[in-house]
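Trainee: got a sequence here, can you build the structure:
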Amino acid sequence: MISAGDFKNGVTIELEGNIYQIIEFQHVKPGKGAAFVRTKLKNIKSGGVVEKTFRPTEKCGTAHIDKKDMQYSYSDGDLFYFMDPDTFDMIPIAKDVIGDALKFVKENETCRINSYNGEVFSVEPPLFVELLITDCEPGVKGDTATGATKPCTVETGATLSVPLFVNQGDTIKIDTRTGEYLSRV
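Mentor: The predicted model follows:
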């Protein structure tokens, strides 16, 4: 249990049957009346943000989030299988939990699996990946002064915009958080 007076940014709490991470908190002492703590909370599972006020003596349960690095093995229909590198156990995760997280992830890449009480609620891909371009139109000469881009498809099937000098068969580095091209490898 943690009291509202001890809140810090990044702490996860259990409130009204949901798990929230404290994004912002502010101790407010008005000139008249009792002090209170104003918070901005992010729902860990849904991603929604809510604002809530607490009395400084209110207590909330702390929530321990388990983060484990696991290797993405393969997908089978709507299930994606991850292997624990220590025990070699395979864990299936549903497609709706993963969303677009594996858009730029190849098989055998390491991802971070976040869970609470054994229930997986999100998958974090590596920050940067290197992928081979499988389909890309040739660039138009003379169109480079504006920093123009063209669409291309990488080996995972995802599409992104790259500069005109990038060609099919090149290996590129991608930021998985934004889905942007960083450089050729």
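
Trainee: ignoring the adjacent residues along the chain, who's closest to the residue minimising distance to the centre of the chain?
Mentor: In the chain, the centroid-proximal residue (CA atoms, centre = their mean) is E124; its distance is 4.5 Å. Closest residue in space to E124, ignoring its immediate chain neighbours: R112 at 4.1 Å, by CB to CB, 6 or more residues apart in numbering. Just so you know, the C-beta spots here come from the backbone N, C-alpha and C atoms, and that holds for glycine as well.

Trainee: again with M90
Mentor: Closest to M90 by CB to CB, 6+ apart is Y81, at 5.1 Å.

Trainee: pretty sure the one you found is in contact with S73, am I right?
Mentor: Yes. Between Y81 and S73 there is a contact under CB atoms under 8 Å: 4.6 Å.

Trainee: which neighbours do these two share?
Mentor: Common neighbours of Y81 and S73, using CB atoms under 8 Å, 6 or more residues apart in numbering, are M90.

Trainee: look up how far K8 lies from the residue lying farthest from the centre of the chain.
Mentor: Largest separation from the mean C-alpha position in the chain: K32, at 42.4 Å (CA atoms, centre = their mean). Distance, K32 to K8, using CB to CB, to the nearest Å: 28 Å.

Trainee: cool, V129 as well?
Mentor: Counting by CB to CB, the gap from V129 to K8 is 33 Å.

Trainee: can you pull out the helices in the chain?
Mentor: Using DSSP state H, the helices of the chain run over 95-98.

Trainee: show the contacting residues for the residue nearest to E124.
Mentor: Applying CB under 8 Å, 6+ apart to R112 gives the contacts 67-70, 123-124.

Trainee: rerun at 10 Å
Mentor: 67-70, 101, 122-126 (CB atoms under 10 Å, 6 or more residues apart in numbering).

Trainee: and for T159?
Mentor: Per CB under 10 Å, 6+ apart, neighbours of T159: 103, 135, 151-153, 179.
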